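> Take this sequence and fold it.
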Amino acid sequence: MKHLWIRFGCFITGYNYNILKNCSEAAFKSVKKYTAAMLIVCILWFFIGFTFAHRYLSLSMPGCILAGALSTIIIVQVEKQIVLSIHPSRLLLIFRGCLAFMMSILGAVIIDQILFEKDIETEKNFYISEKVNMILPSKTEELRKQIAALETAISKKEQEKDNYVEDITKHPTTTATTTTMATKRMPVQTVTSSGKDTIIWKTISDRTVGTVLLLNPKTALLPALDSIIGDMRQQRAQKENELLHIRPALEKEMKASTGFLDELTIMKQMLSASHVALCFWALWILFFLFIEMLVLFSKLGDRSNDYEKVVLHHMNLQIRRLDALGKGFE
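Take a look at the predicted model:
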């Protein structure tokens, strides 16, 4: 358990504990300082990643924790580019500074959308109202066309029904001709042969023609026609109800589908309308920027310690061994 915090610091910063444990207190202090600075950044970005996944990606709790962990891992890997550089180049410093500036803006935007949540909700109502005013005429016209088409179809079906009813009233029944066939055997003659009489039979077909009264066949069409008309009237009533409540429905739909970019637009309107909000947002950007640059400034302010000299010494020894090995093969 000895030097547990130092071991954790080596894990975070990428330092080799086996080398560090033989170095001076100055190297230990550098590790502690870098670890503290990186932990501050990691905690902030874990919270940002967790909140972003929960608010905008609608992930479950394990998914939000995973998003926060991924954000932390990315930050650790970025900071290691500076911490593990013994003599960081100017290009690396410029790149890290630009990255810190972009990350500070992203972090400030996400955090401010949480801090200004109630103000954003208030401004969102005006934003959604404007969008509804733009969409409402086309939606209303479309519903009215559908209602008019249904009314036309209902009128045609009702006219068709009236024609059937009129025909049924005039001709409630129809006469149908039926034909029945019956066969019977009749004796034709008697033949006497060898003292016995034999009767010869003949089959005769008896055809009977009659008439029967039937209901008008159009009567059977009326129930199906009534069902179709009822369905159309129900659809028309539903469309009329949608037309009556179309504005609240659109507002509810847009509130449910408001995303990250919509809230960015709303925040832009808030910042442009309020100098207080703009100053507060600028303070958050500066706060995140200085936090992001903390490791970089710590690295630039430090002199080379014995840990780095040991690393360089090992590197030079390995290079000389390789050179000597190469000459030996030649």
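> Dump the C-alpha coordinates for stretch 125-135 into CSV.
Output in CSV follows, covering the C-alpha atoms of stretch 125-135 (Å, rounded to 0.1, in the frame of the first residue of the first chain):
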residue,chain,number,x,y,z
ASN,A,125,-41.9,28.2,-26.1
PHE,A,126,-41.4,31.3,-28.3
TYR,A,127,-39.1,29.4,-30.6
ILE,A,128,-41.6,26.5,-31.0
SER,A,129,-44.4,29.0,-31.5
GLU,A,130,-42.6,30.6,-34.4
LYS,A,131,-41.9,27.3,-36.0
VAL,A,132,-45.6,26.2,-35.6
ASN,A,133,-46.7,29.5,-37.2
MET,A,134,-44.6,28.6,-40.2
ILE,A,135,-45.8,25.0,-40.5
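> can you map out the helices along the chain?
Secondary structure of the chain by DSSP state H: the helices cover 4-13, 17-20, 25-55, 61-83, 90-115, 117-170, 222-244, 246-256, 260-273, 275-292, 294-301, 306-329.
> And the contacts of the last one?
Under the contact criterion C-beta atoms under 8 Å, 6 or more residues apart in numbering, helix 306-329 has outside partners 15-16, 19-20, 22-24, 26-27, 30, 86. Yep, even glycine has a C-beta here, placed from its N, CA and C like the rest.
> Tell me where the model's unsure across the stretch 151-300 of the chain.
175-214, 257-258 (pLDDT under 70).
> hmm, 80 instead?
167-168, 170-221, 251-264, 266-267, 269-271, 273-274, 277, 299-300 (pLDDT under 80).
> Which residue lies closest in space to Lys32, excluding its sequence neighbours?
Gly9 (6.1 Å; C-beta to C-beta, 6 or more residues apart in numbering).
> For my notes, please list the helices of the chain in a markdown table and give mean neighbour count and distance to Asn216 for each entry.
Below are the helices of the chain laid out as a markdown table (neighbours: other C-beta atoms under 10 Å; distance: least, C-beta to C-beta, whole Å):
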| stretch | mean neighbour count | distance to Asn216 |
| --- | --- | --- |
| helix 4-13 | 16 | 92 |
| helix 17-20 | 15 | 101 |
| helix 25-55 | 19 | 68 |
| helix 61-83 | 17 | 68 |
| helix 90-115 | 16 | 72 |
| helix 117-170 | 13 | 5 |
| helix 222-244 | 13 | 10 |
| helix 246-256 | 14 | 45 |
| helix 260-273 | 15 | 63 |
| helix 275-292 | 15 | 79 |
| helix 294-301 | 17 | 94 |
| helix 306-329 | 11 | 105 |
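> List the contacts of Leu57.
63, 67.
> Look up how far Ile266 lies from it.
19 Å (C-beta to C-beta, to the nearest Å).
> and of the contacts of helix 306-329, the nearest to Ser138?
Tyr15 (63.5 Å; C-beta to C-beta).
> Next, the closest one: phi, psi?
phi -70, psi 150 (degrees, to the nearest 10).
> Now do His275 against Ala282, distance only.
In terms of C-beta to C-beta, His275 sits 10 Å off from Ala282.
> And Glu292, by the same measure?
16 Å.
> related to what we said a few turns ago, ok, the residue nearest to Lys32 - contacts?
Taking C-beta under 8 Å, 6+ apart, one finds 15, 31-32, 34-35 in contact with Gly9.
> now, among the residues you listed, which is nearest to Ile65?
Thr35 (22.2 Å).
> hang on, isn't Arg236 packed against Ala153?
No: using C-beta atoms under 8 Å, Arg236 makes no contact with Ala153, being 9.2 Å away.
> Would you enumerate the residues in contact with Leu4?
Leu4 neighbours (C-beta under 8 Å, 6+ apart): none.
> Mind pulling up the pLDDT for it?
On the pLDDT scale, Leu4 is placed at 84.
> ok, so what distance separates it from Tyr17?
Leu4 is 11 Å from Tyr17, by C-beta to C-beta.
> Now the residue most central in space within the chain: phi and psi?
In the chain, the C-alpha nearest the mean C-alpha coordinate belongs to Leu57, at 7.8 Å (C-alpha atoms, centre = their mean). Dihedral pair for Leu57: phi -100, psi -10, per degrees, to the nearest 10.
> Please parse this structure into its domains.
4-122+260-329, 173-215 (automatic domain parsing).
> and of those, who's closest to Glu141?
It's domain 4-122+260-329; of the domains of the chain, that one is closest to Glu141 (C-beta to C-beta) at 25.2 Å.
> Please compute how far the closest one lies from its chain's middle.
Distance of domain 4-122+260-329 from its chain centroid, counting by C-alpha atoms, centre = their mean, to the nearest Å, is 30 Å.
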